[in-house]
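Peer 1: for reference, the sequence and a predicted model appear below.
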Amino acid sequence: KDGFTDPALVADAVSNPRAGDPKGRWGAGTNHHLALHVPNRNGLLKWKRRLTDLGIHVTGPYNRNYFHAIYLRDPDGAIIEIATSEPGFGHDEAVLGSEFKHQPEENLVGGRSELLVAAETWPTPMPTITDDYALRGFHHITSISSNAERTEKFFVETVGLRLIKKTDYLDEKGGTHYYY
């Protein structure tokens, strides 16, 4: 069993997160968070209920326009996101392109109701992980850069990735998300 399926391991990790071990730090040049994949919003709400019932602090679900997501921290303090595959990156656009796309105001920090977001969860306990909401693997990784233009040039010209789009960063006014 792993830490997400064994209630005893989850409780131990929350109450005794490797006492004495140094905590990780993040900043420019590191990953902000790792996102795992669940197929749909119902699965996301089931994970929120399961984790909160196990004593793990979960925030969200947040509408990220291209998917929905919840957030928690692992015992070292790293941010873990669980994100849906719906509605997908192309749901609101006729053609994907690298131009800047503004996010809907109601998805941005200051434009959404944090109380309504915090209150939303699955109505019944989820003591067992079932196929309808089992994690499917990685969804994405979000990294932090001190020089976005240099990072973009590296990913596009050196690594060979295609810049899909740039959007408002939903949780920090003035920030930008780059999608490759």
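Peer 2: Nice, I can see it.
Peer 1: next, the contact list for residue 34, please.
Peer 2: 78, 79, 80, 81, 138, 141 (CB atoms under 8 Å, 6 or more residues apart in numbering). C-beta: built from backbone N, CA, C; applies to glycine.
Peer 1: got TSV for those, with neighbour count and distance to residue 38 too?
Peer 2: Formatted as TSV, these follow (neighbours: other CB atoms under 10 Å; distance: CB to CB, whole Å):
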residue	neighbour count	distance to residue 38
78	16	19
79	16	16
80	17	12
81	23	10
138	11	12
141	11	16
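Peer 1: out of those residues, show me where the pLDDT dips lowest.
Peer 2: Lowest pLDDT among those: residue 141, with 74.
Peer 1: secondary structure element for that one?
Peer 2: Element membership of residue 141 [criterion: DSSP states H and E] is strand 138-143.
Peer 1: and whichever helix or strand comes after that strand, what does it pack onto?
Peer 2: Next helix or strand after strand 138-143 toward the C-terminus (DSSP H and E): helix 148-153. Contact partners of helix 148-153 among helices and strands, from 3 or more CB pairs under 8 Å, 6 or more residues apart in numbering; DSSP states H and E: strand 176-179.
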